[in-house]
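>>> Coordinates for the following, if possible.
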Amino acid sequence: IELRSDGIDRFAQLNDAIERDLGIDVVVAPSREEDFFGAAITDREFPVIFVESSQLRARALFTLAHELGHVLVQDGIHYSVDTDLAGKDDRERLANAFAASVLMPEAEVRGMLDSGGRTAQTVARMLIKFGVSFESLVYRLYNLRLIDEVSRRRLHEAGRGGLMGQMSQADQALAAQLISARNT
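A predicted model of the protein is given here:
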């Protein structure tokens, strides 16, 4: 699956590609469960992905890709419910790694760092380009060994707000739209 990198639209792109190209049904709907983000039926005959619709768009995008990872692995578990995406076991870590690689391809991440430098502004532009959460991007940079533990901590300390100060007004407006966008 190849996604254009244009932020807000990426959820719809991935959703459409999963249904059209892979024949996997995707249900995006509200849930009555408070801690529910997503779930997957990984049965080969009837795979289905569920995504809770009221979560922030960046979180929903990662959830969708994460659940796709569960379906594609088809690890014998026929139903998987995610109340967090913390990667507490090997299955969850694999689904997280899959989601990160689909949403933030290594070549694109490296290309942006090579052209823009290792600056807060480049990281902020990545957030816009990939449409992911700040935390997802920081962990992707760390897992690709593009930043070390000290840099990871510094980015977390600066937070998303610290990055916003490094952006042009137009980029700040787009980032604010991405941050607050929901699926409902």
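>>> secondary structure element for the residue nearest the centre of the chain?
Centroid-nearest residue in the chain: Phe62, 2.8 Å away (criterion: CA atoms, centre = their mean). Here Phe62, judged by DSSP states H and E, is contained in helix 57-73.
>>> Identify the residues contacting the residue nearest to the centre of the chain.
85, 99, 103, 132-133, 136 (CB atoms under 8 Å, 6 or more residues apart in numbering). The C-beta positions use only the backbone N, C-alpha and C, and glycine is treated the same way.
>>> Now, the residues you listed that are in strands?
Taking DSSP state E, every one of the contacts of Phe62 sits outside strands.
>>> now that we have those, which one has the most neighbours?
Val132 (27 neighbours; other CB atoms under 10 Å).
>>> in this structure, which spans are helices?
10-22, 57-73, 90-103, 106-116, 120-130, 134-143, 149-164, 169-180 (DSSP state H).
>>> quick one, which of those is packed in tightest?
Compared across the helices of the chain, helix 57-73 shows the largest average neighbour count, a mean of 25 (mean count of other CB atoms under 10 Å).
>>> and the angle from that one to helix 134-143?
50 degrees (axes from the mean of the first three to the mean of the last three CA atoms, to 10 degrees).
>>> how far off helix 120-130 does helix 57-73 point, in degrees?
60 degrees.
>>> Give the rounded mean pLDDT of helix 57-73.
Averaging pLDDT along helix 57-73 yields 93.
>>> and that helix, how far out from the chain's middle?
7 Å (CA atoms, centre = their mean, to the nearest Å).
>>> With stretch 128-139 instead?
7 Å.
>>> just stretch 22-35 next, same as before
A distance of 16 Å separates the centroid of the chain from that of stretch 22-35, by CA atoms, centre = their mean.
>>> and the end-to-end length of that stretch?
End-to-end distance of stretch 22-35: 28 Å, with CA to CA, to the nearest Å as the criterion.
>>> for it, which positions count as buried?
By neighbour count on 16 or more other CB atoms under 10 Å, the buried set for stretch 22-35 is 24, 26, 28, 31.
>>> got the contact list for the first one?
Contacts were defined as CB under 8 Å, 6+ apart; by that measure Ile24 touches 18, 47-49, 68, 71.
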